[in-house]
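# missing the sequence, but the structure's below:
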């Protein structure tokens, strides 16, 4: 039987919510606190759907039935009334930050490396959307963004806090350009005004005078492969991740052009990189080949690990007594300093350090820039390293 006005008015709360059915899926839901809500339950596209039609007594039984009938007409026309109402509400409020962030990501990621895109998505999902994702763009203000940055900074991730503000600003600029909002609250904020200053730390490294002791320690280290890895790093000054992830297929050790071609996906700048190999570096690689020949990776891992861990070299240096004095990255700093002091052109050094920012269009050409000069420089560097790291050089 259909509900009456009297039944609706006299309905009292119980220990748990309950329903009073009316007709064709319309019912009155009575909550524990006494609130009475009109709802329409139906199935659309094979899924159970629920449309809220308002609360009693603001919406009377007659008004609820009228709204229910209108919803049924839409249903008969193939329209999901609950989805339509949600879309209308969102339009009235304006696009949410999450809506626009998804559009911006699709636009932004076009020429970006998959690894970089994955990092950006993780940053947005982890730090930004939980705070403002459901908020309409026009309602978000500068203090909301400061709160996000402060929360990230509190976990000692100041650089991530700055990047979060930058990302939010990019989303708002995209929204303005596409008519989705009218102002960018991130433009009202300078990171230096809300975040603590961070002292830039150089990676620990020894001085040239300390190289003989370092080389003696490395060559006497008990872990053969780790010792060889540090020796190769000294001659090539690549990043630790680039070293430990090296595959034999990347190396050309025979012929006139002895080189190491690191593919783009393994480089920080996401473009391929060439490391000309000195005679000394080739000799070290031939020693390594005696141990890991037939394996995919130059420095195979143990257990389930595919290759040596990035922390292996740092741990070895710690065990050798160089904690806080020398790191794997320190080999790059030593090479940069001494090559500059040796009068080598800065553009050759920067190219070999893979510091140059290159877009993907130019990458196929620029990664080989100054290769003859860099080849000569890398041999000169290996000779300099050998000379400086001999006891007589002290």
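Sure thing, it's come through. All of these numbers come straight from a predicted model, not from anything done at the bench.

# flag the shaky bits of the stretch 101-250 of the chain, pLDDT-wise.
Where the stretch 101-250 of the chain drops to pLDDT under 70, the residues are 198-204.

# all helices for it, in order.
114-123, 129-132, 142-153, 158-177, 191-194, 211-219, 224-236, 240-244 (DSSP state H, counting those that start in this stretch).

# dump those into TSV; add mean neighbour count as well.
All C-beta spots, glycine's among them, are computed from the backbone N, C-alpha and C. As requested, the helices of the stretch 101-250 of the chain are exported to TSV (neighbours: other C-beta atoms under 10 Å):
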stretch	mean neighbour count
helix 114-123	13
helix 129-132	17
helix 142-153	17
helix 158-177	19
helix 191-194	14
helix 211-219	18
helix 224-236	22
helix 240-244	21
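
# any chance of the ones you listed in CSV, plus distance to residue 333?
Shown next, in CSV, are the helices of the stretch 101-250 of the chain (distance: least, C-beta to C-beta, whole Å):
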stretch, distance to residue 333
helix 114-123, 25
helix 129-132, 38
helix 142-153, 27
helix 158-177, 19
helix 191-194, 26
helix 211-219, 13
helix 224-236, 12
helix 240-244, 13
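
# who wins for proximity to residue 47 among those helices?
The closest of the helices of the stretch 101-250 of the chain to residue 47 is helix 129-132. By C-beta to C-beta, the value is 24.8 Å.

# got a list of contacts for that closest one?
For helix 129-132, contacts defined as C-beta atoms under 8 Å, 6 or more residues apart in numbering pick out 97-98, 101, 140, 144-145, 147-148, 151, 168.

# I'd like to know which of those residues is nearest to residue 224.
Checking the contacts of helix 129-132 against residue 224 with C-beta to C-beta, the nearest one is residue 151 at 46.3 Å.

# what's the closest one in contact with, if anything?
With C-beta under 8 Å, 6+ apart, residue 151 has these contacts: 127, 131.

# so what's the residue count around residue 319?
By other C-beta atoms under 10 Å, 14 other residues sit near residue 319.

# can you tell me how far it sits from residue 220?
Residue 319 sits 12 Å away from residue 220, going by C-beta to C-beta, to the nearest Å.

# about what we covered before: would you list the contacts of helix 129-132 in CSV and tack on distance to residue 326?
Shown next, in CSV, are the contacts of helix 129-132 (distance: C-beta to C-beta, whole Å):
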residue, distance to residue 326
97, 45
98, 45
101, 42
140, 46
144, 44
145, 40
147, 40
148, 37
151, 35
168, 38
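
# pick out whichever of those sits closest to residue 250.
Nearest to residue 250 among those, counting by C-beta to C-beta, is residue 101 at 37.1 Å.

# and residue 38, helix, strand or coil?
Secondary structure for residue 38, judged by DSSP: H, G, I helix; E, B strand; the rest coil, is strand.

# for the helices of the stretch 101-250 of the chain, which one sits closest to residue 388?
Proximity to residue 388 (C-beta to C-beta) singles out helix 211-219 among the helices of the stretch 101-250 of the chain, at 5.0 Å.

# on contacts alone, who are the packing partners of the closest one?
When contacts are defined as 3 or more C-beta pairs under 8 Å, 6 or more residues apart in numbering; DSSP states H and E, helix 211-219 sits against helix 224-236, helix 371-388.

# repeat the analysis, applying 6 Å as the threshold.
The contact analysis (3 or more C-beta pairs under 6 Å, 6 or more residues apart in numbering; DSSP states H and E) places helix 211-219 against no helix or strand.

# got the angle between it and helix 224-236?
Relative orientation of helix 211-219 and helix 224-236, computed by axes from the mean of the first three to the mean of the last three C-alpha atoms, to 10 degrees: 140 degrees.

# rewinding a little: nearest to residue 58, of the helices of the stretch 101-250 of the chain?
helix 129-132 (31.0 Å).

# run the chain-centre distance for the closest one.
Distance of helix 129-132 from the chain centroid (C-alpha atoms, centre = their mean, to the nearest Å) equals 17 Å.

# go on, stretch 104-114?
Worked out by C-alpha atoms, centre = their mean, stretch 104-114 lies 13 Å from the chain centre.

# start and end of that stretch, how far apart?
One end of stretch 104-114 to the other measures 16 Å (C-alpha to C-alpha, to the nearest Å).

# likewise for stretch 235-254?
Start to finish, the residues bounding stretch 235-254 are 18 Å apart (C-alpha to C-alpha).

# what does stretch 311-330 give?
14 Å.

# now do stretch 253-272
OK, stretch 253-272 end separation, C-alpha to C-alpha: 18 Å.
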